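A.B. asks: Predicted structure and sequence below. I'll ask about it afterward.
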Amino acid sequence: MPELKEVALKELTGEGIYRLSYFRPLDALKISLKKFGQTSPLFVLAQKNKQILFSGYLRKQAMEELGWSKAWAILWKESELGPKQAFCRTFFENALGRGLNLIEQAKAIKSLFYFGTSFGEILKDFFRPLGLNLPVSELERVPALLELGEDWQRYLVEKKSDWKTASLILDFSSSEQNDLRIFLELNPTLSQLRNILRWLGEIKRRDASGVGEILSRIKAKEVFEDKKLAGKEKLEQILKRLYQLRYPDYTRLLSRHNELCSRLKIPPQVKLEPSDYFETPEYELSIKITPASPIKQNLESLLKAVEHPLWKKLFEFNDDED
């Protein structure tokens with residue numbers, strides 16, 4: 001039977017495998033401990049010559065910061081609760097209790113794999129029940145987030161990043177990730193960071209250039225060192241310069257596109273937007289509708305435009321309009 005026993009905090013092990021919590025606030029917990037004392041025990045696996053803490057790491061950290069040296073814990077013998085069973089218990093306790101941020105998910109995958117759980121089983125038995133539906137091929141990449149610098153990890157947690165954004169960082173080498181850390185000083189939104197990383201990656205592949213070389217080409221250093229610009233303005237400048245380098249013909253092609261739409265007499269309520277900045281001959285069609293919209297006339301105008309000889313030129317980006 002499990003037993004309640006006082007344990008020395010410094011003698012508890014297992015943090016590398018069992019601790020999931022990352023970058024969680026401790027202030028409220030410390031206030032509670034000071035005011036009410038320990039109200040719930042730590043959970044510990046008692047093995048031969050060691051005690052493995054498998055649940056209660058935030059409480060342990062808060063106690064240590066308050067100067068405590070001992071705490072009450074419930075101890076299980078290994079014959080009563082196996083190591084993997086203990087981890088499964090703490091996984092669902094954390095996941096269902098407060099959710100798992102991206103770094104905690106990475107920690108969980110690494111630990112489950114350590115216990116012999118396949119990536120397919122991790123997805124089926126642990127992640128999908130929580131609504132986390134990454135493909136297995138992507139699931140295998142998630143633990144690589146633990147190799148990112150602390151500043152990258154904290155940024156991802158603070159911004160409540162999704163995997164799609166985080167995976168863009170992993171597309172760069174360790175040295176390139178280090179070069180990119182300068183952007184964290186400007187505190188970009190996730191959307192801004194996605195654009196920066198996506199455009200850098202596309203330019204890198206297109207021009208066979210390194211990140212450092214690309215940043216030099218857009219004179220990023222002079223933007224970062226410009227004391228007249230606030231952080232937000234620096235970000236806007238960097239995004240503008242990257243955008244121009246990534247899509248050098250966009251302004252010209254947009255002007256040509258608008259002129260063709262005008263000549264084709266496409267109504268202003270009908271929008272033909274390039275799906276990828278004129279990289280491919282493809283558009284997204286949308287129609288704005290209100291109760292008073294002349295829907296029939298707008299559709300007829302669009303059909304007439306499709307039959308006009310100029311329509312083909314909308315898809316011929318290297319051809320001048322006649």
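C.D. replies: All right, it came through fine.
A.B. asks: so where's this protein uncertain?
C.D. replies: Where the chain drops to pLDDT under 70, the residues are 319-322.
A.B. asks: Just give me how far the top helix by length along it sits from the chain centre.
C.D. replies: Counting residues, the longest helix found in the chain (DSSP state H) is helix 190-207. Centroid displacement of helix 190-207 relative to its chain, using CA atoms, centre = their mean, to the nearest Å, is 14 Å.
A.B. asks: What helices and strands are in contact with it?
C.D. replies: Helix 190-207 sits against helix 163-170, helix 174-180, helix 211-217, helix 231-246, with contacts defined as 3 or more CB pairs under 8 Å, 6 or more residues apart in numbering; DSSP states H and E. For every residue, glycine as well, the C-beta is placed using N, CA and C.
A.B. asks: Could I get the buried residue list for it?
C.D. replies: Along helix 190-207, these residues count as buried under the neighbour rule (16 or more other CB atoms under 10 Å): 190, 192-197, 199-204.
A.B. asks: Now distance to Ser137 too, for those residues, in JSON lines please.
C.D. replies: Listed next are the buried residues of helix 190-207 as JSON lines, based on distance: CB to CB, whole Å:
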{"residue": "Leu190", "distance to Ser137": "23"}
{"residue": "Gln192", "distance to Ser137": "27"}
{"residue": "Leu193", "distance to Ser137": "23"}
{"residue": "Arg194", "distance to Ser137": "20"}
{"residue": "Asn195", "distance to Ser137": "25"}
{"residue": "Ile196", "distance to Ser137": "25"}
{"residue": "Leu197", "distance to Ser137": "20"}
{"residue": "Trp199", "distance to Ser137": "24"}
{"residue": "Leu200", "distance to Ser137": "23"}
{"residue": "Gly201", "distance to Ser137": "18"}
{"residue": "Glu202", "distance to Ser137": "21"}
{"residue": "Ile203", "distance to Ser137": "25"}
{"residue": "Lys204", "distance to Ser137": "22"}
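A.B. asks: coming back round to it: for the longest helix of the chain, C-alpha coordinates in PDB please.
C.D. replies: Presented in PDB, the C-alpha positions along helix 190-207 are these (Å, rounded to 0.1, in the frame of the first residue of the first chain):
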ATOM      1  CA  LEU A 190       3.500  35.000 -34.200                       C
ATOM      2  CA  SER A 191       2.200  36.300 -37.600                       C
ATOM      3  CA  GLN A 192       5.200  38.500 -38.000                       C
ATOM      4  CA  LEU A 193       7.600  35.800 -37.100                       C
ATOM      5  CA  ARG A 194       5.900  33.300 -39.500                       C
ATOM      6  CA  ASN A 195       6.400  35.800 -42.400                       C
ATOM      7  CA  ILE A 196      10.000  36.400 -41.400                       C
ATOM      8  CA  LEU A 197      10.800  32.700 -41.200                       C
ATOM      9  CA  ARG A 198       8.800  31.700 -44.300                       C
ATOM     10  CA  TRP A 199      10.300  34.400 -46.500                       C
ATOM     11  CA  LEU A 200      13.800  33.800 -45.200                       C
ATOM     12  CA  GLY A 201      13.400  30.100 -46.000                       C
ATOM     13  CA  GLU A 202      12.100  30.700 -49.500                       C
ATOM     14  CA  ILE A 203      14.800  33.200 -50.300                       C
ATOM     15  CA  LYS A 204      17.400  30.800 -48.900                       C
ATOM     16  CA  ARG A 205      16.200  28.000 -51.100                       C
ATOM     17  CA  ARG A 206      15.700  30.200 -54.200                       C
ATOM     18  CA  ASP A 207      19.100  31.900 -54.000                       C
END
